[in-house]
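*Asks:* Take this sequence and fold it.
(chains A and B)
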Amino acid sequence: MSDANVGDWEKVFDLQKWWLDRMRTSPAALQEKLALFWHGHLVSSQEKVNSAQLMYEQNHLFRTLGAGSFESLVQAVVFHPAMLIYLDNDPNVVGSPNENLARELMELFTLGVNQYSQDDVVAAARALTGHNTLDADRTQYHFYANRHDGGSKLFMGVTQNWDGPDIVHHILTVEPHRSTAARFIAKKLWSFFAYPNPDATVLDALTTAFVASNLDITTLLRTIFLRPEFYAGSRGALVRSPVEYVVAGLKAYGLSADATNPPWFMDTMGQQLFYPPNVAGWKQNAYWISTTATWARADFARYLTWVQHETADLLSEIDTMTVAGAVQTAFDRFMVETPSAADRAKLESWLTAQRATREWTAWGHLNLSTLMMLTPDFQLA
Amino acid sequence: VIDDELDSLRRLSVPARPLPGVSRRRFLQAAGAGVGGLALAPALSRLQAFAAPPIGPTDGVLVLINMTGGNDGLNTLCPVGDSRYFSLRGPLAFQGNQVLPVGTGFGLNPALPKLKARYDQGKVAVVRGVGYNPPDLSHFTSMAIWMNGWGGGAQSVATGWLGRWLDGLPNAASEALLAVTIGSSVPLHLIGAQARASGLPESLGNAFGLDRSDPADARMFDALSSFASSATGLGTWGDAIAKADRDTMDLSQRIQPAYQGTLPDSDLGRQLVLCARLVNANLGIRVLNTSYGNFDNHADEKPTHTQQMVELDDAIDAFSAALSPSYRNRVTLMTFSEFGRRPEANVSAGTDHGTASCLFVVGDRVRGGLYGGQPSLTDLDRNGNLKYTVDFRNVYATVLEKWLNADATQVLGYNFPKLDMFTGAPGDPVAGPAPPPSGTPPPPAPPSPSAYAAGQPSPGSPRYVSPPLPNKDRDGIAPAAVAAVGAASMNPAPVVGAVRNPISARQRLANAAARRRATPASIDAARRAKTTAGRTKQTKHKHAKHVGALHRHRGTKIAKRIGRSR
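*Replies:* Model (predicted):
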């Protein structure tokens, strides 16, 4: 096959499995979780970027800059070739500005919708002209001065010769834009780690701390993790995303992504690493719950059960335990700390009925493993 | 601080319907009447309990194609009679001798020959200049406005236009199969206060829940369903997951027949043929939603858009072929997109976000022809975009009243003018071959802006107003009637690009490659280039029992090899 894309597809497939395994095994789990958050916020997709190398580089930026200065992160990601290609700034040149990056930079990456005018979008697009990739090598960033619009532009009420990085700097350092961005990011990060729609008290506190630190992400995270609401309100508040679901399943089974190819199932679950569905990234909770996605989760659970059956045969010891002991052992293995009493009772009732048959004994522990991954308990974060 | 970015996103989807309210209680009551039957065949009992009324002889069925990302109306119905089209579009324009002529000065994209043939048979309405005022250039906000479809002015609602229609049907809350969407999440337009569409996957394979021949499997499937038989104690999300578990087991029995046999390779083709079979199965489904894209062609538009038009043309044709003749006069298909593209091409050989666009309404009872006025290419708005001529809710009102037998004013909150777009009601016999449409359009839509004169609620209220949401309880799905609204409030959706269930990475890349290969000059080549990758998807759903696990690994490698040798 002469199409070079297939090679890149294979690389990205390997990259997906590599990242899943890194999430599964890294001692710095928060670093990986943050990288996942930024991947869904400062979005680029391999579907358009079409370069495993660039997607990896962007992922590296999320991992290394994801807990530092928000402005540094945005500046680095926005002017990286993956983003320039994804949001069409690659061909954004003086005389005919392309508005895609300019709009999403404000609408989705920093300020939120309606915090700017269409004129601001046009001005920002002009400021971003010339920030392209190298003609001879699209994996390299290059600033073409002769393609840059050096004229004066009116952006956010200020007329000057704006350049692309000035735009980012302005909205992340000058009030009221900085506070708008701080609140926008704080709300989204809180929603990702704790629960959606924090009330104003929480949001005010997060915004204040984030602004006071000049948008230092570690400060924001610390503020989030020290809020009492983070502990009081988080239980059952988040549905595991497919990435979280797969990583938790692999952990419980002691299997690697490399050996089990989860991306084949994750498409239908609704989340494929390096392929966000659109520039707004992935959403939460209800977004992940559907009959379609349940089929994929169930097929994956059954698949993992059979893969591990051929190797370690997880949980085979429970076939000789009491029903109650067997179900508790399974909850422990799948790291469900405080299971629902109702779900426990239903599993016990099922296992009792299963054991009453003359069927193959191993159905007990095999189907219990599969069912465990499909309990509401395990599917919640 | 206005947080409507997230608010508008939240409106776009909720989980596929947490199952039919034919409540557990009712089911158990029914089951209690025949205990033996329940014990022997629980799944069958459930099937009967949930059975939908079949499609009546005069019921209209609506199939939607959501062209996500903003479809370029000017290169779908090309105004080749207007010299401004060529000066604005440059190399992006199609020439007069390339397009497929439909009326004086207009031609369909050259990649739509089958649709053109259908147009010549008088079965395609092309509505021009469809939009609203004031236009919003955000994909997400604009899509939310389209899906919401409310014209009641200041008093806004959080439901979708078809969801509100579904709410009015007798069994809205209890029936999971009044409306379906192909993909992982349910878009806003299919969410009402009570009713909510079910999500169905593009393929089932040997999906979990399907094969009940092994008693241990059947027992496991029933155990999975049982999590929803009482509150989990884990809160609203835990309960929603339990319901999705149960729904999945129930639906797997009901929809299985539609998945028998091969489906087309193309993404939209698969979805539409599946829809045709679901109609044929007579499960009582009245609305079926598909989506494909991404039409956000900011750069290098022509080859990509051409490929997308090829896919549309083939898919509508495949749909018609798959639809049983006995339903043809009861099924209408309609396209929509959140906006069109800017008339002037950008330097990247693409187009930026626009406003008004055209849409297609296709079916045996459709009165073919051109509707609505073509927006001027000289009188543009301050962003260089088209001024719309037909409010999109005029089209909705027409479909609701003349096809779905609904009170459109009630559903849309305003008495929108209707187009004379149908030759009869659903189920009416088609009287001979329809006359070919003349070049002159049938009665154009009343000019919308003037229709909403002072004193009337402006359908295009200044901004999309976020209504107060009844359920502020941390995203929870409320148990009762407000459930849908509450869930919608918290649940953003994928809209642009891939509203549908994401296709495989492989297929996406293959599609992208095929698009790159497609040039306007080689539409046939583009047709041929359509990926075969879809076939490899099937391997994903193979049952992984015993040795199946090993087959899976092998299947992966085979899929890669197919890609290589293509």
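*Asks:* got the residue ranges for the strands in chain B?
*Replies:* B:13-14, B:61-67, B:77-78, B:100-101, B:107-108, B:124-131, B:179-182, B:186-187, B:198-200, B:287-292, B:331-336, B:357-363, B:369-371, B:390-391 (DSSP state E).
*Asks:* Nearest to B:Asn148, out of those strands?
*Replies:* Closest of the strands of chain B to B:Asn148 is strand B:186-187, at 10.9 Å (criterion: Cβ to Cβ). (Glycine included, C-beta is placed from N, CA and C.)
*Asks:* in terms of contact count, name the helices or strands touching that closest one.
*Replies:* Contacts defined by 3 or more Cβ pairs under 8 Å, 6 or more residues apart in numbering or on different chains; DSSP states H and E place strand B:186-187 against strand B:13-14.
*Asks:* what separates B:Asp314 from chain A, distance-wise?
*Replies:* Distance of B:Asp314 to chain A, given as Cβ to the nearest Cβ, to the nearest Å: 21 Å.
*Asks:* Go ahead and confirm that residue touches B:Gly269.
*Replies:* Yes - when contacts are counted by Cβ atoms under 8 Å, B:Asp314 is listed as touching B:Gly269 (5.9 Å).
*Asks:* Number of residues surrounding residue 362?
*Replies:* Picking chain A for this. Neighbour count of A:Ala362, defined by other Cβ atoms under 10 Å in any protein chain shown: 14.
*Asks:* My question was about chain B, not that one.
*Replies:* 23.
*Asks:* Identify the bridge partners of it.
*Replies:* Using DSSP bridges, the beta-bridge partners of B:Val362 come out as B:Val124, B:Leu333.
*Asks:* so it touches B:Met334, yeah?
*Replies:* Yes - here B:Val362 reaches B:Met334: they are 7.5 Å apart, a contact under Cβ under 8 Å.
*Asks:* Tell me the residues on the stretch 101-250 of chain A that lie near chain B, please.
*Replies:* For the stretch 101-250 of chain A, the residues in contact with chain B (Cβ under 8 Å from any Cβ of the partner chain) are A:103, A:107-108, A:112-115, A:118, A:121, A:180, A:183-184, A:187-188, A:195-197, A:233, A:235-239.
*Asks:* Please spell out the ChimeraX selection for the buried subset of these.
*Replies:* What follows is the ChimeraX syntax selecting those of those that are buried according to 16 or more other Cβ atoms under 10 Å in any protein chain shown:
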select /A:103,107,108,112,113,114,115,121,180,183,184,187,188,195,196,197,233,236,237,238,239
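*Asks:* Among the residues of the stretch 101-250 of chain A next to chain B, which are located in helices?
*Replies:* Assigned to helices by DSSP state H, the following of these qualify: A:103, A:118, A:121, A:180, A:183-184, A:187-188.
*Asks:* Low-confidence stretches in chain B?
*Replies:* Within chain B, the stretches with pLDDT under 70 are B:1-53, B:154-155, B:173-176, B:184, B:205, B:430-566.
*Asks:* Remind me which helix or strand A:Thr139 belongs to.
*Replies:* strand A:137-143 (DSSP states H and E).
*Asks:* How about stretch B:149-161, which residues are buried there?
*Replies:* Buried residues in stretch B:149-161, defined by neighbour count with 16+ other Cβ under 10 Å: B:149-151, B:153, B:157-161.
*Asks:* mind checking the end-to-end distance for it?
*Replies:* Start-to-end span of stretch B:149-161 (Cα to Cα, to the nearest Å) is 5 Å.
*Asks:* dump the residue contacts of the residue nearest to B:Leu190 when sequence neighbours are not counted.
*Replies:* Using Cβ to Cβ, 6 or more residues apart in numbering or on different chains and skipping residues adjacent in sequence, the residue nearest B:Leu190 is B:Ala197, 3.7 Å away. Contacts for B:Ala197 (Cβ atoms under 8 Å, 6 or more residues apart in numbering or on different chains) come out as B:16-17, B:178-181, B:186-187, B:190-191, B:287, B:289.
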